[in-house]
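Okay, structure incoming, though there's no sequence with it:
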């Protein structure tokens, strides 16, 4: 994806303390957008391409030093850093002081990672995940009290708080692409049935994991709708392969919880669903 920057004429840096800033940092780039919560409208969005050696603290520092919007004060700042190191825990057994121990049951945590967690209110579960400690240091220095999110928090919360999973089909298979992996979330109507992440290198990997999930949950083409979001350079190839097995495939673009400036008509937004959904998670 190439870089871009669009700012609505209503954006006023003098009142930025009334705005929400949402940031997504991944190896594919640094993306950020601004919501005016008073009118519930997005008025800015930008994307800058990063080098492949993510996380790259000096490069991030450079952007913070040169991008004016990122140096404004905001009412709230949300940070999204996609990772496969995560797990969901039912709210009834979650204990914040044991969040690291719970995550270590299913993931290896390195010394340079910090453990965070979000509550996914619509599903009544906690999402435990890690972020690079070096990156957290930079964000915490740049923004007062930033709130960190895993990509599945706005993904699940956004779908359950909208009418997307209330269609005619019994099951919804929601796929979110990242740089070298994808998340898959299965809903039975509004009930969360599965949430998992798989590393992919090509179409064969992708379709193998999807068909494996379908077989395990005994889904069928006739009662399942597929919803696609996220960013991956081979995204269209994966969708083409998936269309051999499923006919009900829809690409999700803009969350329906917000209003949008006319500038958003200039872009394709299937890759920014989670970023735009972050304000719904607080």
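That came through fine. Since the structure is predicted, the reported quantities are computational estimates derived from the model, not experimental observations. Numbers count the residues shown, from 1 in each chain.

Do I have it right that residue 29 meets residue 4?
No: under the criterion of Cβ atoms under 8 Å, residue 29 makes no contact with residue 4, lying 10.2 Å away. C-beta coordinates here come from the backbone N, C-alpha and C atoms, glycine included.

neighbour-wise, which of these two wins?
For residue 29 versus residue 4, neighbours defined as other Cβ atoms under 10 Å are more numerous around residue 29 (19 against 14).

Can you show me the helices along this structure?
For the chain, the helices defined by DSSP state H occupy 57-66, 99-104, 133-142, 152-160, 203-217, 235-242, 273-277.

Residue 173 is nearest to which of those?
Of all these, it is helix 203-217 that lies closest to residue 173, at 7.6 Å by Cβ to Cβ.

thinking again about what came up before, the helices of the chain: which one's closest to residue 11?
Nearest to residue 11 among these is helix 273-277; the distance by Cβ to Cβ comes to 16.2 Å.

List of residues touching that closest one?
Residues outside helix 273-277 that contact it (Cβ atoms under 8 Å, 6 or more residues apart in numbering): 22-24, 31-33, 42, 80, 151, 154-155, 157-158, 176, 229-230, 252-255, 257-258, 269.

which residues does the closest residue to residue 90 other than its chain neighbours bridge with?
With Cβ to Cβ, 6 or more residues apart in numbering as the criterion, residue 90 has its nearest non-adjacent residue at 5.6 Å, and that residue is residue 125. For residue 125, the beta-bridge partners under DSSP bridges are residue 90, residue 120.

what does the model give residue 125 for pLDDT?
Note for residue 125: predicted pLDDT of 97.

and it, how far is that from residue 145?
Using Cβ to Cβ, to the nearest Å, we find residue 125 at a distance of 24 Å from residue 145.

What is the lowest-mean-pLDDT helix or strand in the chain packed up against?
When each helix and strand of the chain is scored by mean pLDDT, DSSP states H and E, helix 57-66 comes last, with a mean of 85. Counting contacts by 3 or more Cβ pairs under 8 Å, 6 or more residues apart in numbering; DSSP states H and E, helix 57-66 is packed against helix 133-142.

List the buried residues of the helix it packs on.
In terms of neighbour count (16 or more other Cβ atoms under 10 Å), helix 133-142 has its buried residues at 135-136, 138-139, 142.

Please identify which of the residues you listed is nearest to residue 99.
Closest to residue 99, out of all of the buried residues of helix 133-142 and judged by Cβ to Cβ, is residue 136, at 15.3 Å.

How about that closest one: what's its closest non-neighbour residue?
Nearest-residue entry for residue 136: residue 114, 5.5 Å, with adjacent residues in sequence omitted and distances by Cβ to Cβ, 6+ apart.
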